[in-house]
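S.K.: Requesting a structural model of the entry that follows:
(one chain, ligands or ions: 1)
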Amino acid sequence: MPLALLLPQVEVVCVDLKQYSLDLLHKRVDGVQLTSKKDDIVDSIQVSTTLPNLSTYYGSIQSYPHEFDIGVSLHACGEASDLVLRKCLNQKASFVVCSCCCGKLQSDAKNPYVFQSTGGNEKEISYPQSKKMIASLEKEAEEDMNESDNSHNNPSKKKQQEIAFDEIAKASDYSEIGDIRKPKNACRRAAKALVEWDRLLYSKECIECSVSHETPVNVILSRMVPWECSVKNDILIGWFEDLCNPYRTQSQNNTISIPDDTSCDNDFKVALNHLFGNDTVSPGSTINTQNDWTTQEEKEVTSEIEQFLVKSSVSQEYRFSKGMGARKRKLIHSVAEKLSLKHWSEGKGAEKLVVVARRRTSSQVDININNKT
Ligand SMILES: C[S@@+](CC[C@H](N)C(=O)[O-])C[C@H]1O[C@@H](n2cnc3c(N)ncnc32)[C@H](O)[C@@H]1O
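M.R.: Here you go, the predicted model:
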């Protein structure tokens, strides 16, 4: 509705496979709800009676049959954003895609919106989409398989890739607005940026394969400003013709100038440092305060250490299991530090584990434990 109001020379068509959403739009704009029955209007256009340049199309993005110049999608959930992208790429239309709920991209995740509207819920797209992301996850899967002792039990490369992408999609689906700028959220933002980069790369590869190289697509990943506009604030902007470049400046004789968006790079740096940077912690060193573990996870580690402290003598050490991952090891270091214990890492790669033990003077630990009980 705002687009149709602000751009009266542009014809705006809202597409949704949920009739209720379109009814709501007509009610807001025209003051009346659609009178037609659901089945009568499937795959049809309904023009607003108040804003002649606004209409609705009840049906799926995939089935929309008309040509268009720009595709705009706001929070089209799960793969719906990718269906918009593909529709635009096929038509060589510019696009502004702000995606939503990336958790629904996981291989076994369902989409309630689609289910409610169609009764079906099978994904049309498999992830990751881009050759570059597939190659990168394949390489990682191969390295994991080489490191693993029981390679005969390993899932196939395709499955491993899927598992890795599922993890990224899951991590990228966050919704706490309060955490949006905090360093601990950088990992989630970085995961979301990876999902968006897969889309970006796919768009470029898809065009390179299907259309002549004379018309490459330009795509950038940007964010809403301020970020707090929405937790789902990443936006992919794409265009084919220089004239459609939203960053072109008339004042510089149409010289194209795309501003650098360094926020994603920063997120990657913070996230990498957070996940892998400071894992080898020497006894007594201070753990930095960037964390993304839950209270429950912290409680579980604390309880495991406390059980050891109750049963063990002063000189004993407690070894956590191997293969916990850098994030969990960092949590153990942090809890051990809080309990005034010694803590260090042992081993390398898959063999790496965390050891905790009392400090030489155990009184401080005893006080901490007694205070808790
Ligand atoms: C999270 S809602 C966002 C709606 C709206 N853009 C907003 O910001 O309030 C996602 C919408 O996408 C619609 N949707 C999902 N898959 C679709 C598809 N394949 N074709 C058309 N609409 C779809 C759903 O019916 C739902 O109304």
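S.K.: Could you count how many residues lie near Tyr57?
M.R.: Using other Cβ atoms under 10 Å, Tyr57 has 22 other residues around it. In short, each C-beta sits where N, CA and C put it, glycine included.
S.K.: A helix includes it, no?
M.R.: No - Tyr57: not assigned to a helix; according to DSSP: H, G, I helix; E, B strand; the rest coil it is strand.
S.K.: Quickly list the domain ranges of this structure.
M.R.: The record assigns the chain these domain ranges, following automatic domain parsing: 1-66, 73-269, 279-372.
S.K.: Serialize those to JSON lines and add fields for mean pLDDT.
M.R.: Shown next, in JSON lines, are the domains of the chain (pLDDT from 0 to 100):
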{"stretch": "domain 1-66", "mean pLDDT": "86"}
{"stretch": "domain 73-269", "mean pLDDT": "81"}
{"stretch": "domain 279-372", "mean pLDDT": "77"}
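S.K.: Dump those to CSV, plus distance to the ligand.
M.R.: Formatted as CSV, the domains of the chain follow (distance: least, Cβ to the nearest ligand atom, whole Å):
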stretch, distance to the ligand
domain 1-66, 4
domain 73-269, 3
domain 279-372, 25
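S.K.: surely Val97 meets Ile235?
M.R.: Yes - applying Cβ atoms under 8 Å, one finds Val97 in contact with Ile235, separated by 6.9 Å.
S.K.: higher neighbour count, those two?
M.R.: Comparing Val97 with Ile235 by other Cβ under 10 Å, the one with more neighbours is Val97, at 24 against 18.
S.K.: Quickly list what the more buried one is bridged to.
M.R.: In this entry, Val97 is beta-bridged to Ser73, Leu236, by DSSP bridges.
S.K.: mind listing what it touches?
M.R.: By Cβ atoms under 8 Å, 6 or more residues apart in numbering, the contact list for Val97 reads 71-73, 76, 81, 84-85, 88, 199, 235-236, 238.
S.K.: Please enumerate the helices of the stretch 51-200 of the chain.
M.R.: Secondary structure of the stretch 51-200 of the chain (DSSP state H, counting those that start in this stretch): helices located at 80-91, 112-118, 131-147, 157-172, 186-210.
S.K.: chain center to the second one, what's the gap?
M.R.: In other words, helix 112-118. Taking Cα atoms, centre = their mean, to the nearest Å, one finds the center of helix 112-118 at 22 Å from the center of the full chain.
S.K.: And the contacts of that helix?
M.R.: So helix 112-118 is contacted by 17-19, 60, 77-78, 80, 120-121 (Cβ under 8 Å, 6+ apart).
S.K.: let's go with 10 Å and repeat that
M.R.: Helix 112-118 is contacted from outside by 16-21, 38, 58-60, 76-80, 100-101, 104, 111, 120-123, using Cβ atoms under 10 Å, 6 or more residues apart in numbering.
S.K.: neighbours around the residue nearest to Cys244 when sequence neighbours are not counted, how many?
M.R.: Closest residue to Cys244 in three dimensions, ignoring its sequence neighbours and counting by Cβ to Cβ, 6 or more residues apart in numbering: Ser94, at 4.8 Å. Look at Ser94: counted by other Cβ under 10 Å, it has 22 neighbours.
S.K.: Make a markdown table from the helices of the stretch 51-200 of the chain and add distance to Leu54 and mean neighbour count to it.
M.R.: Below are the helices of the stretch 51-200 of the chain laid out as a markdown table (distance: least, Cβ to Cβ, whole Å; neighbours: other Cβ atoms under 10 Å):
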| stretch | distance to Leu54 | mean neighbour count |
| --- | --- | --- |
| helix 80-91 | 19 | 22 |
| helix 112-118 | 22 | 16 |
| helix 131-147 | 37 | 15 |
| helix 157-172 | 33 | 18 |
| helix 186-210 | 28 | 20 |
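S.K.: will you turn those into a markdown table that also has distance to Leu353?
M.R.: Shown next, in a markdown table, are the helices of the stretch 51-200 of the chain (distance: least, Cβ to Cβ, whole Å):
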| stretch | distance to Leu353 |
| --- | --- |
| helix 80-91 | 40 |
| helix 112-118 | 41 |
| helix 131-147 | 15 |
| helix 157-172 | 22 |
| helix 186-210 | 22 |
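S.K.: Can I get stretch 5-12 as PDB, trimmed to CA atoms?
M.R.: Coordinates of each C-alpha in stretch 5-12 appear next as PDB, following Å, rounded to 0.1, in the frame of the first residue of the first chain:
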ATOM      1  CA  LEU A   5       0.700   5.600  -2.600                       C
ATOM      2  CA  LEU A   6       4.200   6.900  -2.900                       C
ATOM      3  CA  LEU A   7       4.600   5.900  -6.600                       C
ATOM      4  CA  PRO A   8       1.300   6.600  -8.300                       C
ATOM      5  CA  GLN A   9       3.000   6.100 -11.700                       C
ATOM      6  CA  VAL A  10       3.900   2.500 -10.800                       C
ATOM      7  CA  GLU A  11       1.500  -0.400 -11.000                       C
ATOM      8  CA  VAL A  12       1.800  -2.400  -7.700                       C
END
